[in-house]
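[1] here is a sequence with its predicted model. Questions after.
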Amino acid sequence: SQPKPQESEVNPSVSTPAIRHRPRRLRRTDALRRLVRETQLTLDDLIYPVFVREGTEIEEAIPSMPGIYRYSLDVLLKELAVVLRLGIKAIALFPLIPAEQKDNAGTESYNPEGLVPRTVKAIKAEFPELLVMTDVALDPYSSAGHDGIVEDGVILNDETVDVLVKQALCQAEAGADFVCPSDMMDGRVGAMRQALDADGWTQVGILAYSAKYASAYYGPFRDALDSAPQFGDKKTYQMDPANAREALKEVALDVSEGADLVMVKPALAYLDIISQIKQATTLPVVAYNVSGEYAMIKAAAERGWIDEPSVVLETLTSMKRAGADLILTYFAKQVALTWLP
Ligand code: PBG
């Protein structure tokens, strides 16, 4: 117990009895701070995004994402063994597709012999307990670098949804635990749920990128996948960063169409959106700590301007505090390795 201060140590000119509430009392020691901590960040909350490419024995650095690599499947499997041993339970898989396999309709996205289905099968064969989440969108497969089919400069909605459904079925067949539509086409969650159920994939979940903003924070990811739009931007399908109520509408639609998990993306500049969505739904809320958020912290840390582990933990904790139940983060492995308090 704390020794009572001697009479002589108390400044008689300060009228201490007037201070009835002393919040600092609960911050006095580490044990006490842990006892009253409102938010806990644990490895159970983290989903690790990983990049896969064709070839063998490849571990290719991504300059704008230090510490993150594009792996060929053989190396990826070794990496996942490490990641699993560290306590990470879920990954999100993103493919680098060779330019010659890209076309306007993203047909490679539903090739059962394609990179993603082959990778999912191999992962599930070796690590059946690892949760595998696959991205559903056309951009890695699109010659235009857009998330849908392009006609006269317009991204077609319903035609794209038909392709997305084929892509989701192909991923389910390969063994994905969750299909994750990140395309922002209207009606895709409902179409996907219906098709999955009709084919018997009732246990395959949908993680919907519900409130996905047209954000400049995706730059490094597009470097990683060589998937930047070849013309224009994604503002006719991704959301306007100025809108919050519209995010609630998108979430309500995805929930009614059968989503299991709803996501906000990016996370850091959208903590208010995470918080509002948490109030508006009973589904678990996922935050995507995106590539640009990762790159900013890495860049400042490389210059010695910030203390990386502290900033990362503070940032991820802020997402949980805002209401995120789960976080997709490129920091997951490092957090698991050394940083978790
Ligand atoms: C593609 C997709 C993107 C991201 C995840 N899925 C990029 C985009 O919409 O252009 C970005 C992830 C990140 O920046 O970390 N549909």
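    Done, it's in.
[2] tell me which parts of this structure are close to the ligand?
    By CB under 6 Å from any ligand atom, the residues of the chain that approach the ligand are 135, 137, 139, 147, 182, 183, 218, 221, 222, 290, 291. Yep, even glycine has a C-beta here, placed from its N, CA and C like the rest.
[3] any idea how far stretch 334-341 is from the chain center?
    Distance of stretch 334-341 from its chain centroid, counting by CA atoms, centre = their mean, to the nearest Å, is 18 Å.
[4] so which bits of that stretch are buried?
    For stretch 334-341, burial by neighbour count (16 or more other CB atoms under 10 Å) applies to 334, 335, 336, 340.
[5] what's the farthest-apart pair in the residues of the chain next to the ligand?
    The two members of the residues of the chain next to the ligand with the most space between them (CB to CB) are 183 and 291, at 17.4 Å.
[6] what bits of this protein have low per-residue confidence?
    Applying pLDDT under 70 to the chain flags residues 1-3, 5-16, 341.
[7] so which other helices or strands are in contact with the longest helix seen in it?
    Assignment by DSSP state H gives helix 158-174 as the longest helix of the chain. Using 3 or more CB pairs under 8 Å, 6 or more residues apart in numbering; DSSP states H and E, the elements in contact with helix 158-174 are helix 115-126, strand 131-136, strand 178-181, helix 188-198.
[8] relative orientation of that helix and helix 188-198 in degrees?
    Here helix 158-174 runs at an angle of 40 degrees relative to helix 188-198 (axes from the mean of the first three to the mean of the last three CA atoms, to 10 degrees).
[9] quick check: angle from helix 158-174 to helix 115-126?
    Counting by the same axes, to 10 degrees, helix 158-174 lies at 20 degrees to helix 115-126.
[10] residues contacting residue 44?
    Listed by CB atoms under 8 Å, 6 or more residues apart in numbering, the contact partners of residue 44 are residue 89.
[11] wait, a helix at it?
    Yes: under DSSP: H, G, I helix; E, B strand; the rest coil, residue 44 falls within a helix.
[12] export the helices and strands packed on helix 158-174 as JSON lines, with columns for mean neighbour count.
    Listed next are those as JSON lines, based on neighbours: other CB atoms under 10 Å:
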{"stretch": "helix 115-126", "mean neighbour count": "19"}
{"stretch": "strand 131-136", "mean neighbour count": "24"}
{"stretch": "strand 178-181", "mean neighbour count": "26"}
{"stretch": "helix 188-198", "mean neighbour count": "20"}
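[13] now render these as TSV, adding distance to residue 26.
    Formatted as TSV, these follow (distance: least, CB to CB, whole Å):
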stretch	distance to residue 26
helix 115-126	45
strand 131-136	37
strand 178-181	39
helix 188-198	43
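[14] closest to residue 249 out of these?
    helix 188-198 (13.4 Å).
[15] show me which residues of the helix or strand following the closest one are buried.
    The helix or strand immediately downstream of helix 188-198 is strand 205-212, counting by DSSP states H and E. The neighbour-count check on strand 205-212 (16+ other CB under 10 Å) flags 205, 206, 207, 208, 209, 210, 211, 212 as buried.
[16] residue 69: neighbour count?
    Neighbours of residue 69 under the rule other CB atoms under 10 Å: 17.
[17] tell me the bridge partners for the residue nearest to it when sequence neighbours are not counted.
    Using CB to CB, 6 or more residues apart in numbering and skipping residues adjacent in sequence, the residue nearest residue 69 is residue 59, 4.8 Å away. Beta bridges link residue 59 to residue 71, judged by DSSP bridges.
[18] count the neighbours of residue 141 for me.
    Residue 141: 27 neighbours (other CB under 10 Å).
[19] and it, how close does it get to the ligand?
    Applying CB to the nearest ligand atom, to the nearest Å, the value for residue 141 to the ligand is 11 Å.
[20] go on, residue 300?
    Distance from residue 300 to the ligand, by CB to the nearest ligand atom: 18 Å.
[21] so what's the gap between the helix or strand encompassing that residue and the chain middle?
    Using DSSP H and E, residue 300 falls within helix 291-302. In terms of CA atoms, centre = their mean, the centre of helix 291-302 is set 16 Å apart from its chain centre.
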